[in-house]
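**Q** this is the structure alone, sequence omitted:
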């Protein structure tokens, strides 16, 4: 996640935040639902599933999509070399094979990855899917006119940094070999044990060269998945998907594809979506949403109604909201000041401002509280539930601020309950007891993201959030704490300017591991080590609650994206 | 809202112009006493005046009132909200009890009574201060246009036209977005409203001044060599009082709603300073789960705007010469008035 177009990054972080949702392992009543319908009687085949969303699916070109694990709606149309495991909870944070027979065979130092395609794979027109199509799909994502995807491929593939895509450079990428129609080999310029995670992104979907229409391809992308696009109105605002008759469940263990038809209706207001889902009238009875959470007020209403509460899915997505310090700005160059703020913080009012204990879990670690990230619980500056004002005052006194401290907190003016004014106001209150006076500086949304990611304008103390492109410690920690990723003239994400040789070396060492469990443990340990620098104060990990229609069955919500998975849903 | 205000103001203007053309009643001479007497006969206006006075008193006494309650507008009370249910206030009526008279705010537990009375300071303060700016600029521009040379009038009138045509909300949004956050927000909102929407009052004043200019006492003053400044001050301003006061009374509620709208859109005063518009923004999603949270600022805004509008209307009626002349018929007051007017004129010249 380096040298990104800033917007892409923002989309990554934001889409992650916005698109994520509902019901997971630890979920409530809907678990029973999943079990009875999934285990007992077979889920109903057929019917129409409606998806009510805020954000239109503006991009439908696999080259341009920036997704985590292949996306929600796109994954119904595009199959990729690997994909996310479609299971509830932590099991859903694993990578599983999709088009390929396994999750990839690395060489000894994880710089060469080989995949073999399954037999009998077909496009929506009945023609065979070949490894050359996968290669072509990746190559076209390098074309400037089809930009928008994650930057990893350009960073990782040998000799890909300056590649301009197959339209300008038809010779293609030498780093990807296709010795036969079913084999594809990737040559990387450094060890990347997490390559299988990357291969879940839509850039790894096959694109038949003969059908490629460049920027117009998204109007009718050729389906390799269970559904094909039959209608796309108004730039993805209304989508109709119908069965791809050439897709075979025998080659696809992940997508259940119970409904015959899927209608996506977007551009709706979040309150409208939640109102329609709670009323569950007509077609809305078989509706879900993949991008709209219940807000605090809606949760208060829903939780008072048993019938409605039974139709709420709970999901967790690897995501952390935190306070960030810029140690180049005084007084935050003094670690004692940073520690004092860490000790002083009353997390309970911050959690309440974020929507209460059902929508936010207090965080003391930078890594999300999930196993796949290598979560290791630690609390280096124990503040308790309401803050340790005495300890904070002591540290401030040592640092020469015996008479109290006044700092400015920069936040955004969005209404997202993440970096928004109500969180900032809660922090202002949460630090008051320790004699820390917080002044607030609110910036408009775009201005805010540009300001905090520019080395020259980065404020001293600000609200931030981070989510990874896949559920692992690597993409979560490296962009924020790898000293070699400090970008002095561009979008910089290492906002704490940490450049610690031992941290950098450990990041390289873990990237070499292909045993993802072993890697996860070391990411967890590294997180704790970085935490000692007090460059961030973790605030909370969000929890996503989403309503679904009364006739929706087979609810599966994985920890990969925390979203009710449309590929698993059945409608009565 | 603003349309009705403009309409009402236009009527007032017409009324004021009628005054000017009726040589028998010189507006300056209606007198404060008479105005008070006429206002007193309108019960609705009296009630409105009391409500407005009460609101101003509440706003001024906000620290006192909250001290009496034992609360303040910014302290969080996490124990009074149900965190697991999105932070809805614990207990019936939004947690209202002896300690928190109007309950607490969802998600924070801040005292709603304290926020409401402190919010009144922002809403009324900004609206009144902005009105002062509007009147000052409007009267100056209007008189200058009417008394100045032709090209001055042309220039100032076109400028006025531009300001009348400006979409207030859009301009305010743009201005508030570009000014640095360090600038004190209530002052900024006051300035933006005050400096942008003075066009209508300037037009009213210009029209009225043009009429007054032709009256005998003004001509006499001019012929005796008075400068325009002295004429404006001594001969015109008293005659302009009626339409200006009328218009100002109607501008205050309009400004309150503009301030609320700007805060509602997130560009008004900044948290944690409470304002009614801001409370409305935060409360609109809570209308089902915690209705009182929305109803309190909405009700306060409604009552304030209604009271000010009724009062403004009362003022207009009291200053309306048609109503005034009706009152005077057969009462013998006409002579009284004339005498008083003559006396006053004597004093002033």
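**A** The structure has been received and is ready for your questions. All figures in this text were calculated on a predicted structure; none of them were measured in a lab. Residues are numbered from 1 along each chain as shown, chains lettered A, B, ... in the order given.
**Q** okay, how far is it across stretch A:94-102, tip to tip?
**A** With Cα to Cα, to the nearest Å applied, stretch A:94-102 spans 13 Å between its terminal residues.
**Q** for stretch B:189-206, same thing?
**A** Start to finish, the residues bounding stretch B:189-206 are 27 Å apart (Cα to Cα).
**Q** and that stretch, how far from the chain's centre?
**A** Averaging C-alpha positions (Cα atoms, centre = their mean, to the nearest Å) puts stretch B:189-206 12 Å from its chain's average.
**Q** my guess is residue A:317 meets residue A:546, correct?
**A** No - with contact taken as Cβ atoms under 8 Å, residue A:317 and residue A:546 are classed as non-touching, separated by 11.7 Å. Where C-beta positions appear, they are placed from N, C-alpha and C, glycine not excepted.
**Q** what about residue A:386, how many neighbours?
**A** The tally of other residues near residue A:386 (other Cβ atoms under 10 Å in any protein chain shown) stands at 14.
**Q** which one's the longest helix in chain B?
**A** In chain B, assigned by DSSP state H, the helix with the most residues is helix B:112-147.
**Q** buried residues in that helix?
**A** Buried residues in helix B:112-147, counted by 16 or more other Cβ atoms under 10 Å in any protein chain shown: B:112-131, B:133-135, B:137-139, B:141-147.
**Q** enumerate the residues of the stretch 1-150 of chain B near chain A.
**A** Applying Cβ under 8 Å from any Cβ of the partner chain, one finds that the stretch 1-150 of chain B approaches chain A through B:74-76, B:78, B:81-88, B:106-109.
**Q** buried members of those into ChimeraX, please.
**A** Selecting just the buried residues from those in ChimeraX takes one command, with 16+ other Cβ under 10 Å as the test:
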select /B:74,76,78,81,82,83,85,86,87,88,106,107,108,109
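**Q** out of the residues of the stretch 1-150 of chain B next to chain A, which sit inside strands?
**A** Filtering the residues of the stretch 1-150 of chain B next to chain A for membership in strands, criterion DSSP state E, returns B:81-82, B:88.
**Q** and of those residues, the nearest to chain A?
**A** residue B:88 (3.8 Å; Cβ to the nearest Cβ).
**Q** that closest one and residue B:290 touch, don't they?
**A** Yes - with contacts defined as Cβ under 8 Å, residue B:88 counts as touching residue B:290 at a distance of 5.7 Å.
**Q** common neighbours of these two, please.
**A** With contacts defined as Cβ atoms under 8 Å, 6 or more residues apart in numbering or on different chains, the residues shared by residue B:88 and residue B:290 are A:297, A:300, B:106.
**Q** so how far is chain B from the first one?
**A** Yep, that's residue A:297 we're talking about. For residue A:297, the distance to chain B equals 4 Å [Cβ to the nearest Cβ, to the nearest Å].
**Q** rounded mean pLDDT for the one helix or strand that residue maps to, please.
**A** Residue A:297 belongs to helix A:296-302 when assigned by DSSP states H and E. Mean per-residue pLDDT for helix A:296-302: 92.
**Q** need the residues that contact it.
**A** Residues outside helix A:296-302 that contact it (Cβ under 8 Å, 6+ apart): A:271, A:274, A:278, A:294, A:308-309, A:312, A:355-356, A:358-359, A:417, A:545, A:547, B:82, B:85-88, B:106-107, B:285-286, B:288-290.
**Q** distance check, the residue lying farthest from the centre of chain B against residue B:94.
**A** For chain B, the largest distance from the centre (Cα atoms, centre = their mean) belongs to residue B:84, which lies 43.5 Å off. When distances are taken as Cβ to Cβ, to the nearest Å, residue B:84 and residue B:94 turn out to be 17 Å apart.
**Q** swap in residue A:338?
**A** Residue A:338 is 39 Å from residue B:94, by Cβ to Cβ.
**Q** would you tell me which residues of the stretch 351-500 of chain A are close to chain B?
**A** For the stretch 351-500 of chain A, the residues in contact with chain B under the definition Cβ under 8 Å from any Cβ are A:351-353, A:355-359, A:413, A:415, A:421-422, A:424-426, A:428-429, A:440-444.
**Q** go again using 10 Å as the cut-off
**A** Taking Cβ under 10 Å from any Cβ of the partner chain as the contact definition, the stretch 351-500 of chain A meets chain B at A:351-360, A:385-386, A:408, A:410-411, A:413-415, A:417, A:420-422, A:424-426, A:428-430, A:432, A:439-444, A:447.
**Q** please enumerate the helices of the stretch 1-150 of chain B.
**A** Assigned helices in the stretch 1-150 of chain B, in chain order: B:2-21, B:32-40, B:43-60, B:62-69, B:112-147, B:150-165 (criterion: DSSP state H, counting those that start in this stretch).
**Q** lowest-confidence stretch among those helices?
**A** When the helices of the stretch 1-150 of chain B are ranked by mean pLDDT, helix B:2-21 comes last with a mean of 47.
**Q** contacting residues for the residue lying farthest from the centre of chain A?
**A** Ranking residues of chain A by C-alpha distance from their mean position (Cα atoms, centre = their mean) puts residue A:403 at the top, at 42.8 Å. Neighbour list for residue A:403: A:396-397, A:435 [criterion: Cβ atoms under 10 Å, 6 or more residues apart in numbering or on different chains].
**Q** most surrounded residue in these?
**A** Per-residue neighbour counts (other Cβ under 10 Å) across the contacts of residue A:403 peak at residue A:396, which has 26 neighbours.
**Q** quick check: closest non-adjacent residue to that residue.
**A** Using Cβ to Cβ, 6 or more residues apart in numbering or on different chains and skipping residues adjacent in sequence, the residue nearest residue A:396 is residue A:340, 4.8 Å away.
**Q** who are the neighbours in contact with that neighbour?
**A** A:331, A:334, A:381, A:388-389, A:391-399, A:401, A:405, A:431, A:434-436, A:534 are the contacts of residue A:340 under Cβ under 10 Å, 6+ apart.
**Q** likewise for residue A:328?
**A** Contacts were defined as Cβ under 10 Å, 6+ apart; by that measure residue A:328 touches A:455, A:458, A:460, A:495-497.
**Q** so it is in which element?
**A** Mapping residue A:328 onto the secondary structure by DSSP H and E places it in no helix or strand at all.
**Q** roughly how far apart are it and residue B:43?
**A** 67 Å.
**Q** surely residue A:448 and residue A:421 touch.
**A** No - with contacts defined as Cβ atoms under 10 Å, residue A:448 does not count as touching residue A:421, sitting 11.4 Å away.
**Q** about what we covered before: the helix holding residue A:297: what's the following helix or strand?
**A** Taking DSSP H and E as the definition, the helix or strand that follows helix A:296-302 towards the C-terminus is helix A:306-309.
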